[in-house]
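Trainee: got a structure for you, letters missing:
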């Protein structure tokens, strides 16, 4: 939730640094020969799509399932006395 404080200089610097970490890791893996560039790009694309649409789909599936069951409030077998 760092982007909520984007007006502050410290938040801008932290956001830039945190954005650069995965980019540098991906570049180092390609440089060292651990992955092909296409592997890294595919992983980045899948990560972006997961971040963008993951919460949407999980919310959609939870809405379709109905309200969650409340624990500890179940009636005893045979109904209420």
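Mentor: Nice, thanks for sending it over. Please read these numbers as outputs of a predicted model, since none were measured by experiment.
Trainee: low-confidence bits of the chain, can you list those?
Mentor: Applying pLDDT under 70 to the chain flags the ranges 1-7, 65-81.
Trainee: remind me, longest helix of it?
Mentor: helix 37-65 (DSSP state H).
Trainee: for that one, name the packing helices and strands.
Mentor: helix 9-31 (3 or more Cβ pairs under 8 Å, 6 or more residues apart in numbering; DSSP states H and E). In this view, the C-beta of every residue, glycine as well, is placed from N, C-alpha and C.
Trainee: give the buried residues for the helix it packs on.
Mentor: Residues 26, 29 are the ones in helix 9-31 that count as buried (16 or more other Cβ atoms under 10 Å).
Trainee: helices or strands up against it?
Mentor: Using 3+ Cβ pairs under 8 Å, 6+ apart: helix 9-31 touches helix 37-65.
Trainee: got the angle between the helix it packs on and helix 9-31?
Mentor: Between the axes of helix 37-65 and helix 9-31, defined by axes from the mean of the first three to the mean of the last three Cα atoms, to 10 degrees, the angle is 120 degrees.
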